[in-house]
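Novice: kindly return the folded structure for what I paste below:
(one chain, ligands or ions: 2)
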Amino acid sequence: MKAALLMDPTLVPFVFGEQEALRLAEILDIDMTDAATCLDELRDAAHLELLLTGWGVVRLGAEQLDALPALRAVVHWGGGIGFLDEAASARGIRVSTARAANAIPVAEFTQAMITLAAKDAFWLSRRYGAEQRFVPREVAAPRAGLYRTTIGIVGASAIGTLVIEKLAASDVSVLLYDPYATPATAAALGVELVDGLGELARRSDILSIHAPETSATIGMISRDVLAALRDGATVINTARGALIDQDALVTELRAGRLRAVLDVTEPDVLEPGHPLYSLPNVFLTPHLAGSMGVELRRLGEAATAEVERFVAGEPFAHPAPPTTSSPTPAPPS
Ligand SMILES: NC(=O)C1=CN([C@@H]2O[C@H](COP(=O)(O)OP(=O)(O)OC[C@H]3O[C@@H](n4cnc5c(N)ncnc54)[C@H](O)[C@@H]3O)[C@@H](O)[C@H]2O)C=CC1
Ligand SMILES: O=C(O)C(=O)COP(=O)(O)O
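Specialist: Numbering: from 1, shown residues only. Ligands and ions are numbered 1, 2, ... in the order given. Below is the predicted model of the structure:
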């Protein structure tokens, strides 16, 4: 089966270990040393039956798909498949994504952030460094700790669900807001489903955002939602910066009323001197919650297993949803 790698070439050895590279070269007609980010750079596109895609791939629009008449499958080792035109499913092209595997490190990161935020660790660390003296913790942080706190989860997504499962091991109450989640889903997860973001904010000590970016979710954590949060509450965002009204968040942070743990911002790289770099009540990370370093191997292994299934005529274990440009339909009325 003629196949090619469409991804950032520098990532190939990090994603595909020797074993996976050998296996892929054994079951596919593929050159594992040759990757390109755009279709024009791929040789013999007209005969390609399978594309192994990853981060860095340039959009595959309807026009590019016309140049791939033999294409039967796209196995994406990354999460989002926004690069692939919706026409792919209408053409019968089967698509697999490693979104589920990529959710694991984000959930691990979020669990750690929830714990450290609840313990006031970020802010106490800064204060310790600045003052260089040991303030008794019952004086410095009388309300710190996870015990009996309320965690508000936005989105019973792949990541949100894993976070909820991890929190089950702690003595916390978990609330969920997700317009698509059913009471049965919430009951199975052991969480309380709330009807609105306002209620979620009013009742949460920590709000953790796990909804995808769609036209319906941009700005969903609005000025009003932020204002509804309790004094001293923490907002954790590992989803997308655009989900939060960032100016309103900065206003709340400057006033010292809220705290924030942000792995993502809008834009992803802030301009020099942006207040989020230096506010003492912000813990900012450079979009690292997802798979990185050794974790890239999990994505390569998952993609290799999907290729094996496809070659064997079996269904994908992780098929992508049919539409790509707008991953989430309108909420049910
Ligand atoms: N920081 C990082 O390194 C990473 C961030 N992400 C981001 O995390 C976010 C979530 O990713 P996944 O868990 O894979 O998403 P997903 O694709 O599983 O999310 C879909 C689910 O979101 C929920 N949802 C949709 N609209 C909603 C709304 N208005 N309010 C609440 N919930 C809503 C629905 O239940 C839907 O099933 C995405 O924005 C993704 O890009 C993903 C991987 C790595
Ligand atoms: O979604 C993210 O933030 C990731 O780091 C993973 O990116 P991807 O969904 O694979 O484009």
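
Novice: now the end-to-end length of stretch 285-302.
Specialist: Distance across stretch 285-302, first residue to last, is 27 Å (Cα to Cα, to the nearest Å).

Novice: can you check stretch 74-87 too?
Specialist: So stretch 74-87: terminal residues 13 Å apart, Cα to Cα.

Novice: count the neighbours of whatever residue of the stretch 151-300 of the chain ends up closest to ligand 2 for me.
Specialist: Going by Cβ to the nearest ligand atom, ligand 2 is nearest to Gly290 of the stretch 151-300 of the chain, at 3.3 Å. For glycine as for every other residue, the C-beta is placed from the backbone atoms N, C-alpha and C. By other Cβ atoms under 10 Å, 21 other residues sit near Gly290.

Novice: which phi and psi does it have?
Specialist: Main-chain torsions, Gly290, degrees, to the nearest 10: phi -70, psi -170.

Novice: contacts only, for it.
Specialist: Gly290 is in contact with Gly79, Asn102, Pro105, Val106, counting by Cβ atoms under 8 Å, 6 or more residues apart in numbering.

Novice: count the residues that sit near Val307.
Specialist: Here the number of neighbours of Val307 (other Cβ under 10 Å) works out to 24.

Novice: so it: helix, strand or coil?
Specialist: Following DSSP: H, G, I helix; E, B strand; the rest coil, the label given to Val307 is helix.

Novice: distance check, it against Ala255.
Specialist: According to Cβ to Cβ, to the nearest Å, Val307 stands 52 Å off from Ala255.

Novice: swap in His76?
Specialist: Look at His76 and Ala255: by Cβ to Cβ, they are 43 Å apart.

Novice: and these two? Which one has more around it.
Specialist: His76 (27 against 10).

Novice: phi, psi of that one?
Specialist: phi -100, psi 120.

Novice: same check, this time on Val269
Specialist: The phi/psi pair for Val269 (degrees, to the nearest 10) is phi -110, psi 110.

Novice: show me where the stretch 1-150 of the chain has its strands.
Specialist: Ranges of strands in the stretch 1-150 of the chain, per DSSP state E, counting those that start in this stretch, are 3-6, 35-36, 50-53, 73-76, 94-97, 150-154.

Novice: what comes up buried for stretch 311-318?
Specialist: By 16 or more other Cβ atoms under 10 Å, the buried positions in stretch 311-318 come out as Val311, Phe316, His318.

Novice: Glu49: neighbour count?
Specialist: Per other Cβ under 10 Å, the neighbour tally for Glu49 reads 16.
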